[in-house]
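coordinates only, sequence not included:
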């Protein structure tokens, strides 16, 4: 069985940043899945669940309303490990090309007065939100992105190396 792309990332070396996870062809166009890593896996604490949920709502709303990008956005949602998000966009751009969009999206959280869609009618777990902690994580990540704009590590996915036998079988460490 093939290892999925998310599991071929060396989680001991990845830093917070914006990375290309995979590029797929759907019909006549490409879609790219980006890994938007907010915390350093297995080192920093995971993002608080309620804050993660709020960030999902806030940033999805921002992305789907950005006049230049809204038609490109397919999906924005949290990673199961709670260390970041997946963003799926039409096309195939380098992570650095979506840097400004994501920086603005995380900066926009600071101005939020409420969480969009946080009602029983619109959300499957509407009581599980924390706007203030979401703002804290968004501020922290936006500041990190701004401070590291010229650091190539925030755009380059560290792949784990896998031993391949002479007959083509791969050995995995998990």
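Structure received. Keep in mind it's a predicted model, so treat the numbers as computed, not measured. Numbering: from 1, shown residues only.

quick one, strands of the chain?
17-26, 29-37, 73-78, 84-90, 163-164, 170-171 (DSSP state E).

Using TSV, please lay out these together with distance to residue 65 and mean neighbour count.
C-beta: built from backbone N, CA, C; applies to glycine. Below are the strands of the chain laid out as TSV (distance: least, Cβ to Cβ, whole Å; neighbours: other Cβ atoms under 10 Å):
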stretch	distance to residue 65	mean neighbour count
strand 17-26	20	16
strand 29-37	18	19
strand 73-78	10	16
strand 84-90	15	20
strand 163-164	46	10
strand 170-171	43	10
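
quick one: low-confidence ranges for this protein?
1-3, 5-6, 161-174 (pLDDT under 70).

The helix of greatest length in the chain - contacts with which helices or strands?
Looking across the chain with DSSP state H, the single longest helix is helix 131-147. Judged by 3 or more Cβ pairs under 8 Å, 6 or more residues apart in numbering; DSSP states H and E, helix 131-147 is in contact with helix 49-63, helix 99-108.

The same query, at a cut-off of 10 Å, please.
strand 17-26, strand 29-37, helix 49-63, helix 99-108 (3 or more Cβ pairs under 10 Å, 6 or more residues apart in numbering; DSSP states H and E).

can you tell which of these is closest to residue 148?
Of all the helices and strands packed on helix 131-147, it is strand 17-26 that lies closest to residue 148, at 7.4 Å by Cβ to Cβ.

Which neighbouring elements make contact with the closest one?
strand 29-37, strand 84-90, helix 99-108, helix 131-147.

Can you give the strand pairings for the first one, parallel or anti for each?
In the sheet containing strand 29-37, its partner strands are strand 17-26 (antiparallel), strand 84-90 (antiparallel), by DSSP bridges.

Could you dump the ones you listed into a markdown table and include distance to residue 67?
Formatted as a markdown table, the strands paired with strand 29-37 follow (distance: least, Cβ to Cβ, whole Å):
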| stretch | distance to residue 67 |
| --- | --- |
| strand 17-26 | 21 |
| strand 84-90 | 15 |
